[in-house]
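Provide a 3D model corresponding to the input given below.
(one chain, ligands or ions: 3)
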Amino acid sequence: MSEPSAGDGLLASIKGPRDVKRLKPEELPALAAEIRDLCVAAVAKSAGHLGPNLGVVELTIALHRVFDSPRDRILWDTGHQAYVHKMLTGRAGQFGTLRQEGGLSGYPSQAESEHDIIENSHASTALSYADGLAKAYTLRGERDRAVVAVIGDGALTGGMAWEALNNIAGSRDQDLPLVIVVNDNGRSYSPTIGGLASHLSALRTTQRYEDMLEFVRDNLTKVPLVGNPVYDTLHGIKKGVKDIFAPQAMFEDLGLKYIGPIDGHNTEFVEAALTKAKGFRRPVIVHVITRKGHGYSPAENHDEDCFHSPNVFDPATGREVPKPYGWTNVFSDEIVRLAKDREDIVAITAAMLHPVGLADFAEAYPDRIYDVGIAEQHALTSAAGLALGGLHPVVALYATFLNRAFDQLLMDVALHRLPVTVTLDRSGVTGDDGPSHNGMWDLSILQVIPHLRVAVPRDADRLRELLAEAVEVKDGPTVVRYPKGPAGEAIEAVGKLGEMDVLLAGDPDVLIVAVGPMAAICLEAATLLDAHGISATVVDPRWVKPLDEALVLAATAHKLVVVVEDNGRVGAVGDAVARLLRDADVDVPVRTYGIPQRFLDHAKRPKILNEIGLTPQALARQITEAVAKRSTPLENHPTR
Ligand SMILES: Cc1ncc(C[n+]2csc(CCOP(=O)(O)OP(=O)(O)O)c2C)c(N)n1
Ligand SMILES: CC(=O)[C@@H](O)[C@H](O)COP(=O)(O)O
Ligand SMILES: [Mg+2]
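Numbering: from 1, shown residues only. Ligands and ions are numbered 1, 2, ... in the order given. Predicted coordinates:
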């Protein structure tokens, strides 16, 4: 497989947007082809987001020809589709390092470029940033600056986007370009759902839309873009065929002007529409129709998600290296099995049916699956409704996206003690998706929710057990969290301590509380400790909230308690254990080893775990030091 490179054609000459502007229109198809080749080569080597980026090649070229980044601000919602933006802002030569440690981030990165703004990969935020930026430039008198937000049809199903639209539409006194580009490819991963999506998809499929494209093609290329003739004509004809341009009505009813739908793979049309929108100097929607994976047939024809985020693959054939059977597969199989005998079990996904492992459930129980769009807040409160209606909903999310639905879990589900189960895939360090994707927050924020129980399985068998236990809980919500990737070898208990599994019974030097998948490295660390004459007992709580009172008794018999968790250290299980012992007046020191409470730069998961000390060797070293300190009389303590 050839190393991804900018080559020696047009793309190699692009050091920034100025170089994009100087190209002749007839050179743009060649540039687009080079960009696509580099996208395919880079993702084939490093995995990442291919479909979304292939879909925005012409759009991004047009954006950088019409607007003047970085003076004009171009915002990418979710940010997974910003590879082309990176190539056109001088980083094409770095795509051989995509998503590698120290290499190019898979998302916008302010450290990489002045052209990059939103680093958060959580969807549906760009319009709110745009609203704030536009207000700032208005207040500062910088009305010569344009604000452009590119948001996908999927991200547009997120509630924040509509909160922002409501505010943007209400901002009457703005006299600067605020351009909202709706990149409509009809998909999140799967086809986008909901009322908005049906409006947008109806638009794409009616004959009149084809007539409209014909009209746009004839008129936009002939009439020089002066004043309003083109826009008024576009606008006028839409008035005449209002029934299919419902999105225009919907946006216009909000007080937003609308241009489109535009063929998003025709740079000339997109440039014309963006130029029109820029000159409008008012908030305006530019609705571009694109195809996810456009220009690379294995992506175009990939039914599941158009190569949204493929594993590494052979660029010549598009054949992906299969992802190993992992935690997600275990969940997928077990939820289908459980639902067979429990007709009250229903499932909810937030536009991630396949990634969270609910595709088999959907196939087996098509009437019991709900895809709510990228709308985690709605997912949780809708689950509350389902539970109030006598069902047991299982809401399957990625751990980091639960943050968005914290209040709904707290006040709509837990306050009412509703039987809702939330499964959190991708918990802990995920790695190459960067700082906003690590699932390092949930064990902290969940601590404050009354009536809520949290389970952390250490292996596939425990995931099956704990999921079955979770859906049996009737008097409150349950959460089951597990990491990305393969589930590792089964780790059998050698005994019980209360409800906790004892994985290793040692002498009373150190009590190691191994949270979920950290059990494997804790057992290896215990072996290393033993070689240094330190004996450890290793327990797996299985349920980390509420903690098992048996921990108190066990702690009194040990010199040191160590908690190891794949979550941020602050306010998580380690702190909960310390609080439990303090409340019981048990004065045994507690050490917590977890993820440092900072944003982690992108790198592979094993690399990050090694860097932050979540390895057997690092744990053994740190525990040895902690034990040594405990046996050093305080008067000789280094801090004295
Ligand atoms: C809050 C949140 N939930 C879920 C995701 C996972 N996710 C990443 S991209 C994506 C689909 C985005 O669809 P769209 O906005 O249409 O962009 P496209 O990929 O089609 O260009 C989803 C659900 C996310 N990034 N943020
Ligand atoms: C951008 C986004 O949120 C998703 O596409 C995410 O990057 C997928 O992560 P996985 O590859 O772990 O499923
Ligand atoms: Mg989309």
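
Spell out which parts of this protein neighbour ligand 2.
Contact residues, the chain versus ligand 2 (C-beta under 6 Å from any ligand atom): 78, 80, 121, 308-309, 355, 426, 430, 433, 484. Glycine gets a C-beta too; all of them are placed from N, C-alpha and C.

What is the neighbour count of Glu26?
Counted with other C-beta atoms under 10 Å, residues neighbouring Glu26 total 7.

which one's the longest strand in the protein?
In terms of residue count, the longest strand belonging to the chain (DSSP state E) is strand 560-568.

Give the rounded mean pLDDT of it.
The pLDDT scores in strand 560-568 average 98.

cool, and stretch 365-375?
97.

does it come close to ligand 3?
No - using C-beta under 5 Å from the ion, stretch 365-375 stays clear of ligand 3, coming no nearer than 9.8 Å.

List the buried residues for that stretch?
The neighbour-count check on stretch 365-375 (16 or more other C-beta atoms under 10 Å) flags 365, 368-375 as buried.

list the contacts for the residue in the chain that ligand 3 sits nearest to?
Closest to ligand 3 within the chain is Gly152: 3.8 Å, counting by C-beta to the ion. Contact partners of Gly152, counting by C-beta atoms under 8 Å, 6 or more residues apart in numbering, are 52, 77-78, 81, 123, 182-185, 188.

switch to 6 Å and redo it
Asn183 (C-beta atoms under 6 Å, 6 or more residues apart in numbering).

where's it relative to ligand 2, distance?
Taking C-beta to the nearest ligand atom, to the nearest Å as the measure, Gly152 falls 10 Å from ligand 2.

pLDDT at that residue, what is it?
97.

Could you list everything it pairs with in the sheet?
Asn183 (DSSP bridges).

can you list the residues of this structure near ligand 3?
Residues of the chain lying near ligand 3 (C-beta under 5 Å from the ion): 152-154, 185, 187.

Leaving aside the residues adjacent along the chain, what's closest to Asp77?
Excluding its sequence neighbours, the residue lying closest to Asp77 (C-beta to C-beta, 6 or more residues apart in numbering) is Ala126, at 3.5 Å.

The one you found reaches Ala155, doesn't it?
No - with contact defined as C-beta atoms under 6 Å, Ala126 does not reach Ala155; the gap is 7.3 Å.

shared neighbours of the two, anything?
Counting by C-beta under 6 Å, 6+ apart, the common neighbours of Ala126 and Ala155 are Asp77.

ok, the residue nearest to Arg605 when sequence neighbours are not counted to Leu614 distance?
Excluding its sequence neighbours, the residue lying closest to Arg605 (C-beta to C-beta, 6+ apart) is Gly431, at 3.9 Å. To Leu614, Gly431 is 12 Å away according to C-beta to C-beta, to the nearest Å.

Same question for Ser46.
Applying C-beta to C-beta, the value for Ser46 to Leu614 is 24 Å.

neighbour count winner among these two?
Ranked by neighbour count (other C-beta under 10 Å), Ser46 and Leu614 place Leu614 first, with 22 against 19.

what pLDDT does the spatially closest residue to Gly318 that is not a sequence neighbour get?
In this structure, Gly318 finds its nearest non-sequential neighbour in Pro298, 2.3 Å apart by C-beta to C-beta, 6+ apart. We have a pLDDT of 98 for Pro298.
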